[in-house]
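Enquirer: Prediction below, plus the sequence it came from.
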Amino acid sequence: MMIRLRQASAPLALVPLALAIIASGCGSSNSSNLPTTPTPNIVTETFNGTIVQGQTAVFNFTITNSGYTLLAGYTSISPASVTALGLGIGNWDSGSQTCSLNVTQNDSSHSGSTAISGTAGSGNFCVRVYDAGNVPADTTATFTIQVQHY
């Protein structure tokens, strides 16, 4: 029995050209062609206030972009007799207007340095300033805080 080979309808010389055209569409993936999500703009919020011995002050803010860095710290504390204040980040409950220090806190935060640094989710948060035993009696502590987030 004889097996008969059927001749292709296209001439054999065109096969390499057809393969080259097909292969050009199957090139390797180039990461520069992949879509990228731009990093959102940083948001800097500044809060000012005063507290006396044993007192707290609360300021609320909202983070809309999850998974980015959050930084908080004092840019100023006065008078000089107040060497440090407590600083905490918590969840803000808008219904009861309360701040629970359940995220992080630093009992000895100084002016000019980052007191809190971490990665934040999105949501309603608060920063709480408190006397952690560093405000002398009959002294009013004045402060400025910066919170940076995305």
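Expert: Good, I have the coordinates.

Enquirer: how about the helices in this structure?
Expert: Assigned by DSSP state H, the chain shows helices spanning 15-24.

Enquirer: those strands in this protein, which residues are they?
Expert: Secondary structure of the chain, counting by DSSP state E: strands at 43-52, 56-63, 68-78, 85-93, 98-109, 114-120, 123-130, 140-149.

Enquirer: Below-threshold pLDDT in the chain: ranges please.
Expert: 1-32 (pLDDT under 70).

Enquirer: go again using 80 as the cut-off
Expert: By pLDDT under 80, the low-scoring segments of the chain are 1-37.

Enquirer: Pick out the residue closest to the middle of this structure.
Expert: By Cα atoms, centre = their mean, the chain has its centre lying nearest to residue 68, at 2.2 Å.

Enquirer: need the contact list for it.
Expert: Each residue near residue 68 by Cβ atoms under 8 Å, 6 or more residues apart in numbering is listed here: 39, 40, 119, 120, 149, 150. To be clear about C-beta, it is placed using only N, CA and C from the backbone, and glycine gets the same treatment.

Enquirer: Also residue 40?
Expert: Residue 40 touches 64, 65, 68, 150, counting by Cβ under 8 Å, 6+ apart.

Enquirer: one more time with 7 Å
Expert: 65, 150 (Cβ atoms under 7 Å, 6 or more residues apart in numbering).

Enquirer: Against residue 147, how distant is it?
Expert: Using Cβ to Cβ, to the nearest Å, residue 40 is found at 15 Å from residue 147.

Enquirer: just residue 133 next, same as before
Expert: Distance of residue 133 to residue 147, given as Cβ to Cβ: 23 Å.

Enquirer: With neighbour numbers in mind, choose between these two.
Expert: Higher neighbour count among residue 133 and residue 147: residue 147, with 23 against 11, using other Cβ atoms under 10 Å.
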